[in-house]
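>>> task: produce atomic coordinates for the following.
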Amino acid sequence: DARFLLYGYPDDHPDSIDENEIINHWSEKYGVEYYGYAPDPLKVINECSVFVLLSHKEGTPRVVLEAMAMGRPIITTDAPGCRETVKNNVNGFLVPLYDYDEVALAMEKLLNSTLRSKMGEESRTYCELKFNVTEVNKILLSEMGVI
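Numbers count the residues shown, from 1 in each chain. Here you go, the predicted structure:
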């Protein structure tokens, strides 16, 4: 009942998954469609109804903010940076690091189109309230005594 689209470039460190493994085996083994690096996040996010980013450590991920602004529910890890983008069970799900069973459960929950729609709306609202660049800049400039 779902498609799994994987975008992004592989990490270059010893515990990374080999890109050739993804290219040659993940479609058949797991049903994952791998597209690699995507220069246009808008196009990619338009292709999805749920946005998933499972990161171990991160600043606030811009791509998650972009997905929130486009009204997508978010599944991300309860890790610094990522956790600031999701109100658990409101605009998406925070999952524990390395807990792929919880990730799968969150994905299963979001097969429900009503829940996806509600959480997507909540993502857009939360993004507008918390991450509005105009408001963030005003706060920063005010704190710096510029305005």
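
>>> going forward, measure contacts and count neighbours with C-alpha atoms only.
Will do.

>>> for residue 88, name its beta-bridge partners.
residue 92 (DSSP bridges).

>>> what's the pLDDT at it?
You'll see residue 88 listed with a pLDDT of 98.

>>> distance-wise, check it relative to residue 119.
Separation of residue 88 from residue 119 (C-alpha to C-alpha, to the nearest Å) stands at 10 Å.

>>> those two: who's more crowded?
Regarding residue 88 and residue 119, a neighbour count based on other C-alpha atoms under 10 Å identifies residue 119 as having more, with 25 against 15.

>>> hang on, the more buried one packs against residue 87?
No. Applying C-alpha atoms under 8 Å as the test, residue 119 and residue 87 come out as separate, 9.8 Å apart.

>>> span of stretch 13-26 from start to end?
With C-alpha to C-alpha as the measure, stretch 13-26 spans 20 Å from end to end.

>>> repeat that for stretch 14-34.
This stretch, stretch 14-34, spans 21 Å end to end (C-alpha to C-alpha).

>>> got it, and stretch 9-27?
First-to-last residue span, stretch 9-27, C-alpha to C-alpha: 17 Å.

>>> check stretch 138-147 too.
Start-to-end, stretch 138-147 (C-alpha to C-alpha) is 8 Å.

>>> for that stretch, what is the average pLDDT?
pLDDT averaged over stretch 138-147 gives 88.

>>> that one: how far from the chain's middle?
Counting by C-alpha atoms, centre = their mean, to the nearest Å, stretch 138-147 is centred 30 Å from the centre of its parent chain.

>>> and the lengthiest helix in the chain, what other elements does it pack with?
Under DSSP state H, the helix in the chain containing the largest number of residues is helix 113-130. Counting contacts by 3 or more C-alpha pairs under 8 Å, 6 or more residues apart in numbering; DSSP states H and E, helix 113-130 is packed against helix 62-69.
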